[in-house]
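Trainee: Sharing a sequence plus its predicted fold:
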Amino acid sequence: MATAKKSSSNKSPFTRKGGGYAYGLLRGRWVQLALVLAVAVAALFYFYSTPLLGYSRTGAAYGAHVACSCRYIGGRDMGSCKGDMEDGMSLVFLSDNPEAKSVTARVPLLASATARYRDGWGCVLDKWDD
């Protein structure tokens with residue numbers, strides 16, 4: 001008696017190799033969402049770049065001057081000088097150069113400022129490059 005073999009798999013016409021049709025759509029949606037998010041961030045930066053860069057430069061300059069004064073006039077270590085920063089300055093990162101008696105403050109990707117200790121003058125900010 002001859003019988004036809006029945007297929008044991010119930011494949012949908014929408015499934016594909018490597019995750020299926022729904023997975024492909026979901027992956028495409030994530031790419032679209034990431035693209036829309038990137039465009040939104042770029043547009044916000046374009047419209048608010050002037051105040052953002054201004055606040056970043058001011059914060060970096062303030063951080064460099066305060067930390068330099070704390071380190072080279074007050075004679076304290078950098079760990080205790082970070083406590084002298086105002087609230088909201090968590091994005092300002094400090095680095096010390098003992099040979100040059102200078103402190104550099106950075107806001108990542110946006111601004112940087114250096115203050116140097118000079119005898120008779122105290123801590124003086126380096127000239128900004130515009």
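Mentor: Looks like it came in fine. Numbering: from 1, shown residues only.
Trainee: can you give me the helices in this protein?
Mentor: For the chain, the helices identified by DSSP state H occupy 20-68, 78-81, in order along the chain.
Trainee: list the helices and strands the last one packs on?
Mentor: Counting contacts by 3 or more CB pairs under 8 Å, 6 or more residues apart in numbering; DSSP states H and E, the secondary-structure elements packed against helix 78-81 are helix 20-68, strand 93-97. For the C-beta atoms, the positions are set from N, CA and C on the backbone; glycine is no exception.
Trainee: Just send those back as TSV, with mean neighbour count and distance to residue 105 too.
Mentor: Compiled in TSV, these are given as follows (neighbours: other CB atoms under 10 Å; distance: least, CB to CB, whole Å):
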stretch	mean neighbour count	distance to residue 105
helix 20-68	14	4
strand 93-97	15	5
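Trainee: among these, where is the model least confident on average?
Mentor: The stretch with the lowest mean pLDDT among those is helix 20-68, at a mean of 84.
Trainee: Give me the angle between that one and strand 93-97.
Mentor: Counting by axes from the mean of the first three to the mean of the last three CA atoms, to 10 degrees, helix 20-68 lies at 50 degrees to strand 93-97.
Trainee: you'd agree residue 85 is up against residue 66?
Mentor: Yes: with contact defined as CB atoms under 8 Å, residue 85 reaches residue 66; the gap is 6.8 Å.
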